[in-house]
Structure formats: C-alpha cells, structure tokens
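Asker: make a model of this:
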Amino acid sequence: MHAVTIVGAGPGDPDLLTIKAFRLIEEADVILHDNLVSDPILAINTIAEKIYVGRKFGDASDQIERQQKINELLYLYYLKGKKVVRLKSGDPYVYGRAAEEARYLTEKNVPFEVVPGISAALAAANIFNIPITERNKSNAMLICTAHTADYSFEQLTGIAYMLKAGNTISIYMGLKSLNRIIPKLIEVCKDDSIPVNAASNVSRSNQEIMTGTLGNIEEKIKNSTLQMPVVLIIGADPIC
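Answerer: Numbering: from 1, shown residues only. Okay, here's the model as predicted:
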C-alpha cells in the first residue's frame, strides 16, 4: 500500500513547487485537487485520474459534507492500492484543511505524508519585494483570513494592536471584508496612512498588485478590475 500524500501546490507557478511535490504529482495514480490549483500544475501528470473537490467563492455547498466526501475518497483509493495525492493550493496547513484529512487518515490507520508548499503571502512578499519582516521595522507577521471580520471584539482588536506595534498583517480571502476589517485597524492604529498591498493571482501569468493605504485601498480596489484570489499584506511598503 502506498502512503497518501497531502501536497502543497504553492501559489500556481509550477517552478515554485518543491522537487518532492513535483515528483509525487508526476507519479500519482489519483489526484484530488482544489479549485485554486493551477492548470499548468495539473498538466504535470497527463494520465492520473483527476477529481475536483474544491470550493469556490460563493459556493453554498455544506462544507462538513464536502470534507467528509474528500476523506472517504482518500481512504477508498488508498484501499485500492493507488498512489493518491491530495493536492492543495498554497501550503496544506495554512488554511488548507489538511488537519481534518490528516486526523481522518490517522483514525483509519492510513499512512500519510504532508509536503509543504509556498503559501500565497510568502510568495507575494518575495515576488513583489515586500519585506514582511525587516530589522528595526517589523519582527513578526500575523496571517489571518477574512473570517477576521467575524472574530470576537478582543481578537480583532488584538490583531489591530499587532499592526499598531509595527508588525505586518497578511489577510487571506479578505477582498470582500475590507469594509469591516479596515475601520477597526484605523480605529486602533489612529493612522490611515499605513501601507496596504493587494496581490492578485500571485505567481501566475495574470498576477497583479495594487498598493495603497488603509485610508484609500477600498476605493482603489472598488475602481479596479482586481481579480480573486487576493492576498493582502498590510504594514510594509514594497522596495520597488
């Protein structure tokens, strides 16, 4: 029996895959992939059975049922002796739900391995030259999601105080929640000139970045054609 592999596909550019991830994708019999895994990465293997198990923005499907189906498919193909790759955009353990699959496989006594991938915030920082940590400026970066907008008052306030202290904040899937997040950041920081970078389709042929501040980024995005997926990096200016 082959171990199931949960593989990080990174932000989309095949050249940013780890060598191990590339090999596992190439050798797979079955690939269960998410919505944001790029076509060039899926094209690495032309003979594997590819099963779409992703979720798009606005998808009203029940997430618990969908995850259970994915878990069961991993187990089913493992029992068939297949080389199974669960392919996730970015890094499996950064908002990739890998923990739920890993726990399920552990309960079923199925051997598995998790292969890291470059997460979108880190890719964006390097591609667009945004120093998310820098001596005498920022010694930490906090990664959070659009669900920040639904956090308790204490959590969202705590995130804002981290930004005020000079740390960098990265928000995934936050394009539609800026109207709830930004007012709190401005309220706590007392500064609407803090830089904001909105990076779209990081590492892909149609990648784009929009820069602004807490005070004007909402208006800039509203008047743009910036496409999802977008990752926000707040508190650091691009070098060039």
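Asker: what ranges in the protein fall below the confidence cut-off?
Answerer: 56-61, 147-153 (pLDDT under 70).
Asker: hey, which helix is longest across it?
Answerer: helix 63-79 (DSSP state H).
Asker: and K190, what are its phi and psi?
Answerer: phi 60, psi 40 (degrees, to the nearest 10).
Asker: what's around it, how many residues?
Answerer: 7 (other C-beta atoms under 10 Å). Using the backbone N, CA and C atoms, a C-beta is placed for each residue, glycine as well.
Asker: how close does it get to I31?
Answerer: Distance from K190 to I31, counting by C-beta to C-beta, to the nearest Å: 49 Å.
Asker: same question for I25.
Answerer: Taking C-beta to C-beta, one finds I25 at 7 Å from I31.
Asker: need the overlap of contacts for those two.
Answerer: Contact criterion C-beta atoms under 8 Å, 6 or more residues apart in numbering; residues shared by I25 and I31: 45, 85, 87.
Asker: narrow these to those in strands?
Answerer: The members of the shared contacts of I25 and I31 that map onto strands under DSSP state E are 85, 87.
Asker: I'd like the shared contacts of I25 and I31 as JSON lines, with distance to S224 and neighbour count appended.
Answerer: Formatted as JSON lines, these follow (distance: C-beta to C-beta, whole Å; neighbours: other C-beta atoms under 10 Å):
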{"residue": "N45", "distance to S224": "36", "neighbour count": "20"}
{"residue": "V85", "distance to S224": "36", "neighbour count": "28"}
{"residue": "L87", "distance to S224": "30", "neighbour count": "27"}
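Asker: of the shared contacts of I25 and I31, closest to K20?
Answerer: Comparing the shared contacts of I25 and I31 against K20 with C-beta to C-beta places V85 closest, at 11.3 Å.
Asker: from memory the closest one sits against A28, does it?
Answerer: Yes - with contact defined as C-beta atoms under 8 Å, V85 reaches A28; the gap is 4.1 Å.
Asker: bridged to I234, which residues?
Answerer: I234 has these beta-bridge partners by DSSP bridges: I169, V196.
Asker: returning to what we had before: could you tell me which residues touch both of V85 and A28?
Answerer: Jointly contacting V85 and A28 under the rule C-beta under 8 Å, 6+ apart are A48.
Asker: which residues of this protein fall in strands?
Answerer: 4-8, 30-33, 49-52, 84-88, 112-115, 141-145, 168-172, 195-200, 208-213, 230-234.
Asker: run the chain-centre distance for stretch 68-81.
Answerer: The chain centre lies 24 Å from the centre of stretch 68-81; the measure is C-alpha atoms, centre = their mean, to the nearest Å.
Asker: okay, that stretch in PDB with CA atoms only?
Answerer: Taking C-alpha atoms only, stretch 68-81 is exported to PDB below (Å, rounded to 0.1, in the frame of the first residue of the first chain):
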ATOM      1  CA  GLN A  68     -16.300  14.000   4.600                       C
ATOM      2  CA  LYS A  69     -16.600  13.000   1.000                       C
ATOM      3  CA  ILE A  70     -13.000  14.000   0.400                       C
ATOM      4  CA  ASN A  71     -11.900  12.000   3.400                       C
ATOM      5  CA  GLU A  72     -13.800   9.000   2.200                       C
ATOM      6  CA  LEU A  73     -12.300   9.200  -1.300                       C
ATOM      7  CA  LEU A  74      -8.800   9.300   0.100                       C
ATOM      8  CA  TYR A  75      -9.500   6.200   2.100                       C
ATOM      9  CA  LEU A  76     -11.200   4.400  -0.900                       C
ATOM     10  CA  TYR A  77      -8.400   5.000  -3.300                       C
ATOM     11  CA  TYR A  78      -5.800   4.000  -0.700                       C
ATOM     12  CA  LEU A  79      -7.600   0.700  -0.200                       C
ATOM     13  CA  LYS A  80      -7.400   0.200  -3.900                       C
ATOM     14  CA  GLY A  81      -3.600   0.400  -3.800                       C
END
